[in-house]
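Peer 1: The following block contains a protein sequence and its predicted model.
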Amino acid sequence: MKRLLRGTLAVLFTALCHSVFAASEGPEGPVVLTVSGHLEQLDLTTPARFDLATLKQLPVHQISTQTPWEEGTHLYVGFDPNDLLAQLNVPGDVIRLTAFNHYITEVPLTDFSSHRAIIAYAMDNQDISIRNKGPLMVVYDFDQYPELRNEAYYGRSIWQIQALQVLMPEQ
Amino acid sequence: MATEQGPEANKQRKRTLINFLIICVCCSSLLTFLLIPLADNSTRLNARQVFDSSRWHSLQLQLQTYRLMNYLSDLSADDLPVNGNAYFQYDLVLSRVDLLRKGDLGRHIRNFANGRATRLLNIISGELELISLNIEHLENGRLDQVPIIMERLRSLDSQITDFVVIVNQGANDYVTKKRAELDVQLECIQFISLILLGISAALLFMTFKLSQVFRQSLNRTARLEQRIEDILNSKVDVISRITSELKPAITSIISRLSYLKQDSAKESTQVALERVTNHNSQILTLLDGYHDLILIEANKLKPHISEGAIRDHLEYTIQALEPTFSAHNVRVICQVDPRIPSLVDTDYKRLHEILTVLLLQITPLCVDAELMLNIRPSTLPILRVPEKHNDKAIKMVQISLKDTGEGLPEAIQSGLRSNPFNPTNTVANQIQQMGLGFTLCHLLIGSLDGELHFSTTQGKGSEIWIDLPMGVNAFANRPGADNITESIAVLSSDTFLDQGLEALLASSYQVQLLSEEQLTMLVLNSADVSFSWLLISDKTTLSSLQLEYLKQLQRQSVNIIWCASLARKYPEFHAEAVYHYPITASQLAALLRSQD
């Protein structure tokens, strides 16, 4: 029985990984995120591109918080880039995020694990429009971690994300 | 320095010092509480987004507008259909407009240039909303909309530039204003810090001055302590000298008196000599007492522990006081609990002194009464373990003095309740309160690491418990009733004396209390008698019929032992043994053995 359960889980995990990898070969919907850096293990010479549907297959995380850019508290739903990079089997410590307006910021991956930050793709259960700083934005839980309310973390709270580059510490 | 100015000046200085300290503490607390909101406000004023984000986002709006224009100018027929790219570029511009209107940033910009920035932003927003229709046409493939949109964006350019300039100026003004506020707050903080520094300096100065006074006080205390020690030492020397010079003379007088007493045939002379001997003995005791008191006060009394037969020592002490007891007609019983081993380590000289002095004090309060001295194991814990004499374990032993006298006077009770070694409770005060005897006893017991407790009821007597640590191998078990074969009857007098006699005899005999009715019935019924001795105390009044009963008992081989006073009272009756007060186990054993 245990062996059967273990086998089923392995199949499910492989299927999930396959779907993500399949996305890097060519997404079906509009591309919302381009991932680059250390993709040799995927035998890819060009960056991996993802549509929103593929990103929504990753483990879901959510935060309910206030930000300086919105009125009131909102519910943000998204993914942890650590999950994405783990499934891509890409090593890295820092990600360089680029917005549509070419604003660039670097975010340590520990922010997502220790401060429970996410890359949100939905706000109040709705996809985020470009006009409303979408489709992807980095959101920190400023309510649970008030110590993050400073210039450093406001600067990392990038919106209208279009590209993600994985950096090693020496970079 | 302080002593030279008198107590009133010292008190005044002390009051001024306390007032100054209170003012210092109040000022420091107030200033510290003032610093907290100042520091907190500074943190808020320094927040970056308050003035910095407005400039960044207004410039981003201008940049995105140029990017939209750039995108549109590059469009050609080959790019059609644009597949939502026009909307994408347009939304990027409008997202900046939304950002500048919402949240903290929007609230912040509203105050710039008396609201002109908001008015301009509303115009820009309105114009951009109008373009949305042209964008829609462009998305539908109408390239002719591009010049129209470009024209509208160009006409909007000056307003966007004005907006950026106003926001920049507003942000600068805001920063300048906040910096001025910060400067004021910084000055306040500097001022408060200076005051705090002043207070700290004053406190430091006071601490320095106080430490000087404290050092002087310590030196003075050390000098005074040394002086007290010197005085005590000299007192010890003087008293020791007086004692050593007087003691031989008094001892010689006592020995000569006893020699004279033996030679004198005249009874009145013998009584007079006896009294003089007693007075001399009391002087000796007083001398020893004062000598010991001074040794205790100077902390120089060292116990001399030795091994000894405690029963013999106690009986000796009691026997030595026989004249005093008989003078006050006190019926004394001395009983040693059979659990106390025969050899015990203690300071016997001090124990003798304690008991002698205490009994001398209690006896006048027990005229015509009974007094029982009992020694037994104590249940009290040892608080301070004294120096060991040999390998024996140190255990608490209790000496109880229970009497049916008039009870302890109030002054003595309160004197015994207070700690004898409390510095405020001076020896002189204690002597004044309860006399030399009780003071000496109290202090001696304390110096032997013991404790004194008491219970007293006016008119009904008192009980004093002295708990002393002594070297005892182990407390023995009580002798079993099966091992005791002989029995003795005590003619009951319904007094405390019966209990004492019963306790004294219980270790060697099966004791039965016999009432007068029981005695009568026993004799009249000619019943078998289960006891070999009948003890009669002087508390019993015997009728001639009862005397006849006693004779009948004697015929039934019952030996009669009674008190010496009864023997004098009924000379016609011959008892087998006569006891004297104080009664001890040794005296009774000797008397009872003599007829076996």
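Peer 2: Okay, I see it.
Peer 1: residues contacting residue A:101?
Peer 2: Residues in contact with residue A:101, defined by C-beta atoms under 8 Å, 6 or more residues apart in numbering or on different chains, are A:160, B:60, B:63-64, B:67, B:92. Using the backbone N, CA and C atoms, a C-beta is placed for each residue, glycine as well.
Peer 1: Mind checking which of those are buried?
Peer 2: Taking 16 or more other C-beta atoms under 10 Å in any protein chain shown as the criterion, what is buried in the contacts of residue A:101 is A:160, B:60, B:64, B:67, B:92.
Peer 1: The second one: what secondary structure?
Peer 2: So the one you mean is residue B:60. helix (DSSP: H, G, I helix; E, B strand; the rest coil).
Peer 1: Got the confidence number for it?
Peer 2: Looking at residue B:60, its pLDDT reads 90.
Peer 1: Which helix or which strand is home to the closest residue to it other than its chain neighbours?
Peer 2: Distance criterion C-beta to C-beta, 6 or more residues apart in numbering or on different chains; nearest residue to residue B:60, sequence neighbours excluded, is residue B:96 at 5.3 Å. Assigning secondary structure by DSSP states H and E places residue B:96 in helix B:85-101.
Peer 1: what packs against that helix?
Peer 2: Applying 3 or more C-beta pairs under 8 Å, 6 or more residues apart in numbering or on different chains; DSSP states H and E, we find helix B:85-101 packed against helix B:48-74, helix B:103-110, helix B:116-139.
Peer 1: Run through the stretch 201-350 of chain B and note the low-pLDDT ranges.
Peer 2: Applying pLDDT under 70 to the stretch 201-350 of chain B flags no residue at all.
Peer 1: mind listing the strands for it?
Peer 2: Listed in chain order, the strands of the stretch 201-350 of chain B (DSSP state E, counting those that start in this stretch) span B:306-309, B:331-336, B:343-346.
Peer 1: nearest to residue B:128, of those strands?
Peer 2: Residue B:128 sits nearest to strand B:343-346 of all the strands of the stretch 201-350 of chain B, at 110.3 Å, using C-beta to C-beta.
Peer 1: Flag every buried residue along that closest one.
Peer 2: Applying 16+ other C-beta under 10 Å to strand B:343-346 flags B:344-346 as buried.
Peer 1: Around residue 140, how many other residues sit close by?
Peer 2: Picking chain A for this. The number of residues packed near residue A:140 is 24, by other C-beta atoms under 10 Å in any protein chain shown.
Peer 1: could you do chain B instead?
Peer 2: A total of 11 residues lie near residue B:140 under the criterion other C-beta under 10 Å.
Peer 1: now swap in the one 3 residues further on and tell me
Peer 2: Around residue B:143 there are 14 other residues, counting by other C-beta under 10 Å.
Peer 1: Doesn't it belong to a strand?
Peer 2: No. Counting by three-state DSSP, residue B:143 is not part of a strand but coil.
Peer 1: close enough to count as contact, it and residue B:77?
Peer 2: Yes. Residue B:143 is within contact range of residue B:77, at 6.0 Å (criterion: C-beta atoms under 8 Å).
Peer 1: how about the helices and strands packed on helix B:85-101, which one is nearest residue B:289?
Peer 2: Of all the helices and strands packed on helix B:85-101, helix B:48-74 sits nearest to residue B:289, with 89.7 Å by C-beta to C-beta.
Peer 1: That closest one: how far from the chain's middle?
Peer 2: Between the centre of helix B:48-74 and the centre of its chain there are 78 Å (C-alpha atoms, centre = their mean, to the nearest Å).
Peer 1: angle of it against helix B:116-139?
Peer 2: 30 degrees (axes from the mean of the first three to the mean of the last three C-alpha atoms, to 10 degrees).
Peer 1: Which other helices and strands does helix B:48-74 contact?
Peer 2: With contacts defined as 3+ C-beta pairs under 8 Å, 6+ apart, helix B:48-74 has these neighbours: helix A:151-156, helix B:85-101, helix B:103-110, helix B:145-263.
Peer 1: mind putting the ones you listed in CSV, distance to residue B:283 included?
Peer 2: Formatted as CSV, the helices and strands packed on helix B:48-74 follow (distance: least, C-beta to C-beta, whole Å):
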stretch, distance to residue B:283
helix A:151-156, 97
helix B:85-101, 112
helix B:103-110, 102
helix B:145-263, 6
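Peer 1: so which of those gets nearest residue B:543?
Peer 2: Using C-beta to C-beta, the nearest of the helices and strands packed on helix B:48-74 to residue B:543 is helix B:145-263, at 39.5 Å.
Peer 1: which stretches of the stretch 51-200 of chain B aren't confidently modelled?
Peer 2: The stretch 51-200 of chain B contains residues with pLDDT under 70 at B:51-52.
Peer 1: Residue numbers of it in contact with chain A?
Peer 2: B:53, B:60, B:63-64, B:67, B:88, B:91-92, B:94-95, B:98-99, B:102-105 (C-beta under 8 Å from any C-beta of the partner chain).
Peer 1: Show me the helices in chain A, by range?
Peer 2: A:2-25, A:52-56, A:81-88, A:110-114, A:151-156 (DSSP state H).
Peer 1: now the stretch 251-400 of chain B
Peer 2: Along the stretch 251-400 of chain B, the stretches classed as helices by DSSP state H, counting those that start in this stretch are B:267-297, B:310-320, B:322-327, B:348-362.
Peer 1: Tell me which of those lies nearest to residue B:559.
Peer 2: Comparing these against residue B:559 with C-beta to C-beta, the closest turns out to be helix B:310-320 (23.2 Å).
Peer 1: what's next to that closest one, contact-wise?
Peer 2: So helix B:310-320 is in contact with B:332, B:334, B:336, B:340, B:342-344, B:346, B:348, B:351-352, B:355-356, B:359, B:373, B:375, B:582, B:584-586, going by C-beta under 8 Å, 6+ apart.
Peer 1: again, only using 10 Å
Peer 2: Residues outside helix B:310-320 that contact it (C-beta atoms under 10 Å, 6 or more residues apart in numbering or on different chains) are B:281, B:309, B:325, B:332-336, B:340-346, B:348-349, B:351-356, B:359, B:371, B:373-375, B:397, B:399, B:470, B:472, B:580-587.
Peer 1: and if you look at stretch B:224-236?
Peer 2: B:291, B:293-295, B:297-301.
Peer 1: Wait, residue B:435 touches residue B:411, no?
Peer 2: Yes. Using C-beta atoms under 10 Å, residue B:435 is in contact with residue B:411, at 8.9 Å.
Peer 1: contacting residues around residue 32?
Peer 2: Defaulting to chain A. A:49-55, A:121, A:127, A:134-136, A:161-162.
Peer 1: you looked at the wrong chain, it should be chain B
Peer 2: B:192, B:196.
Peer 1: any idea how far it is from chain A?
Peer 2: 24 Å (C-beta to the nearest C-beta, to the nearest Å).
Peer 1: pLDDT at that residue, what is it?
Peer 2: Taking residue B:32 on its own, its pLDDT is 80.
Peer 1: before we move on, what about the one 10 residues further on?
Peer 2: In the predicted model, residue B:42 carries a pLDDT score of 50.
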